[in-house]
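Undergrad: A structural model of the following input is requested.
(one chain, ligands or ions: 1)
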Amino acid sequence: MEQIHKTLRDAKGMRWLVLILVSFTMLCAYYLTDAMAPLQERCQTSLSWSATDYGFFTSGYGWFNVFLLMLVFSGMILDKLGVRFTGVLSIIIMIAGAFVKYWAISGHVDGTFEMHLGSYQLLAPTAKSAVVAGLGFAIFGVGCEMFGITANKAVVRWFRGKEMALAIGLNTSTGRIGTALAMFTPVPLVNMTGHLSAPVILSLLLLCIGFLIFLLFGVLDKKLDKEEAAAGISSDDEFKFRDIIDIAKNKAFWYITALCVLFYSAVFPFIKFATNLIVQKFGISDTFAGYIPALLPFSALLLTPLFGSMYDRRGRGASIMVLGSLLLVFVHLLFSIPSLNNLYIAVGLVMVLGVAFSMVPSAMWPSVAKIIPENKLGTAYAMVFWVQNWGIMGVPLLIGNVLDKYCISGHVQKMVDGKMIEVTQYNYTIPMLIFACFGGVAILFAFLLKHEDAKKGYGLERPNINK
Ligand SMILES: C[C@H](N)C(=O)N[C@@H](CCCCN)C(=O)O
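TA: Residues are numbered from 1 along each chain as shown. Alright, predicted model coming up:
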């Protein structure tokens, strides 16, 4: 009988099974990434964190990726040692980071910390628990980003020439489920258990399950390797330093990277402050306020695969990115208007932001694979993520500082655990204008990318599926 499937990746069921296996860990990783976001005010009352402390801790995610170039090394490891090794390593790193974070916020660390270089103050007095939690988040961030590029490369390997953008979209969507869960489960979990660290413990458990599931992916991926070797399909995976130079010479690569850092700087850090924004601007308790930002990943999780599938079948990747960036600016500008403080408006704006947050990622990540050849893809994704991490790290710091310096609108007394505590109130107009500015510049790079594609013919406006 004639052999129908040449390799495992030609079997549709296998491809989708692989996607499920790779995506579950994504959910776990994204849950922990945002699990502290609804707890900003709780950190203020339980750990005495200011907005600056919270911003400092949040920025921790990018410290090692950015300053120690861990992301660049991750890309090299990925292209040299492959998706299986890198995936396992990344999950172990995430578990280690999550543990440190748990330690820091579960009452083991007290006092403040400051750092000087001679007479120059490098770090103003910061809650020690925020510093240690930031270190844990920094370790976790290395693993999480390493896993992100690994997942991208694994999905491209299994889906190239097939439903690539849909698959990347679904993988991203699974991550969004994690983000959505992180928006509305932490406060009830803390209320139920009485422990601020309960969501982190849950994440640790989820990551251990993710580890086991990823091992199953490893078995299938190894089988694919063997089949490809037997069929004489070579995977030219070896990393060479020249790859970095080749990638860096590509103009379209830099446009997409600039678009990435600007777009994500206006979304991920926004998520970190969104619950508090809703509490402050729309006057509802943090228990319910987290449900509104949760709509963002919810709508994105439904729409990302939809736009991915549109891109696969109809093309128009560059145009999707332009439109997504326009929507982003529209939303942030409206959020910045103080008189627009009706809750329905907040819900509507978050939903529209969800559309933008679906359009740009669903087109951006498959587009990188059209600009850069597969054997350099791990390094290319790592370089994009590295630049993006500057934003993920720097913007929360910026916003936290801006809030404490320019946006304090008053103080209120709140009853927490039977004690009256003073809670600082913030006006979010300036932070929202900052987010809108990032979006404005992102539009410019989206247009530049579209223009470069028209010139060089990368096919960003063409469908991904080979007919
Ligand atoms: C935070 C991370 N560096 C990132 O950029 N995540 C993206 C891309 C995920 C691609 C998953 N296949 C996101 O949109 O979450």
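Undergrad: report pLDDT for the closest residue in space to L78 that isn't next to it in sequence.
TA: With sequence-adjacent residues excluded and distances taken as Cβ to Cβ, 6 or more residues apart in numbering, L78 is closest to G378, at 3.5 Å. The way it works is simple: take the backbone N, C-alpha and C, and place the C-beta from them, glycine included. Here the pLDDT value assigned to G378 is 84.
Undergrad: ok, G378 - contacts?
TA: Shown in contact with G378 (Cβ atoms under 8 Å, 6 or more residues apart in numbering): 75-76, 78-79, 86, 149-150, 153, 239.
Undergrad: E461 too?
TA: By Cβ under 8 Å, 6+ apart, the contact set of E461 is 315-319, 450, 453-454.
Undergrad: isn't I371 up against Y255?
TA: No. Taking contact to mean Cβ atoms under 8 Å, the distance of 9.4 Å between I371 and Y255 leaves them out of contact.
Undergrad: neighbours around T172, how many?
TA: T172 is surrounded by 27 other residues when neighbours are defined as other Cβ atoms under 10 Å.
Undergrad: again, but for G111
TA: Under the neighbour criterion other Cβ under 10 Å, G111 is assigned a count of 9.
Undergrad: contact partners for it?
TA: Contacts for G111 were tallied using Cβ under 8 Å, 6+ apart; they are 127-128.
Undergrad: what of C43?
TA: Contacts were defined as Cβ under 8 Å, 6+ apart; by that measure C43 touches 36, 49, 53-54, 57, 105, 130, 196.
Undergrad: in strands, which of those appear?
TA: Counting by DSSP state E, no part of those is found in strands.
Undergrad: now for those: which two are most distant?
TA: D53 and L196 (13.9 Å; Cβ to Cβ).
Undergrad: need the overlap of contacts for the two.
TA: When contacts are counted by Cβ under 8 Å, 6+ apart, the set common to D53 and L196 consists of 43, 47.
Undergrad: V423 falls within a strand, correct?
TA: Yes. If the criterion is DSSP: H, G, I helix; E, B strand; the rest coil, then V423 is within a strand.
Undergrad: can you count the residues close to it?
TA: Neighbours of V423 under the rule other Cβ under 10 Å: 14.
Undergrad: so is T287 in a helix, a strand, or just coil?
TA: On the three-state scheme (three-state DSSP), T287 is labelled helix.
Undergrad: which residues are in contact with the most centrally placed residue in the chain?
TA: By Cα atoms, centre = their mean, the chain has its centre lying nearest to F268, at 6.4 Å. If you count contacts by Cβ under 8 Å, 6+ apart, F268 has them with 391-392, 395.
Undergrad: for L259, same thing?
TA: Going by Cβ under 8 Å, 6+ apart, L259 touches 321, 325, 360, 364, 442, 445-446, 449.
Undergrad: just to revisit the earlier point, just the contacts of E461: which are in helices?
TA: When DSSP state H is applied, those are split such that 317-319, 450, 453-454 fall in helices.
Undergrad: A446 touches G317, doesn't it?
TA: No. Counting by Cβ under 8 Å, A446 sits too far from G317 to count as a contact (10.6 Å).
Undergrad: tell me the contacts of the closest residue to the ligand within the stretch 351-467 of the chain?
TA: At 4.0 Å from the ligand, P361 is the closest residue in the stretch 351-467 of the chain, using Cβ to the nearest ligand atom. Counting by Cβ under 8 Å, 6+ apart, P361 touches 169, 172, 300, 304.
Undergrad: so which helix or strand takes in it?
TA: helix 343-371 (DSSP states H and E).
Undergrad: relative to helix 343-371, how tilted is the helix or strand following that helix?
TA: Downstream of helix 343-371, the next assigned helix or strand under DSSP H and E is helix 377-406. Between the axis of helix 377-406 and that of helix 343-371 there is an angle of 150 degrees, by axes from the mean of the first three to the mean of the last three Cα atoms, to 10 degrees.
Undergrad: for helix 377-406, buried residues please.
TA: The neighbour-count check on helix 377-406 (16 or more other Cβ atoms under 10 Å) flags 377-389, 391-400, 402-404 as buried.
Undergrad: could you do stretch 225-234 as well?
TA: The neighbour-count criterion (16+ other Cβ under 10 Å) identifies 225, 227-228 as the buried residues of stretch 225-234.
Undergrad: cool, and stretch 198-210?
TA: Residues of stretch 198-210 classed as buried: 198-204, 206-207, 210 (neighbour count, 16+ other Cβ under 10 Å).
Undergrad: near the ligand, which of these show up?
TA: Restricting the buried residues of stretch 198-210 to those within reach of the ligand (Cβ under 6 Å from any ligand atom) leaves nothing.
Undergrad: out of these, who's nearest the ligand?
TA: Each of those was checked against the ligand using Cβ to the nearest ligand atom; the closest is G210, at 14.5 Å.
Undergrad: show me the contacts for the closest one.
TA: By Cβ under 8 Å, 6+ apart, the residues touching G210 are 24-25, 27-29, 91.
Undergrad: any chance of the residues you listed in TSV, plus neighbour count and distance to F137?
TA: Formatted as TSV, the entries for the contacts of G210 read as follows, by neighbours: other Cβ atoms under 10 Å; distance: Cβ to Cβ, whole Å:
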residue	neighbour count	distance to F137
F24	21	22
T25	29	18
L27	20	18
C28	30	15
A29	27	12
I91	26	16
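Undergrad: low-confidence ranges, this structure, go.
TA: Residue ranges of the chain with pLDDT under 70: 1-5, 234-239, 416-417, 466-467.
Undergrad: what about the strands in it?
TA: Taking DSSP E as the criterion, the chain contains strands spanning 112-117, 120-127, 408-416, 419-426.
Undergrad: for P188, find the nearest of those.
TA: Each of the strands of the chain was scored for nearness to P188 using Cβ to Cβ, and the closest is strand 408-416 (16.0 Å).
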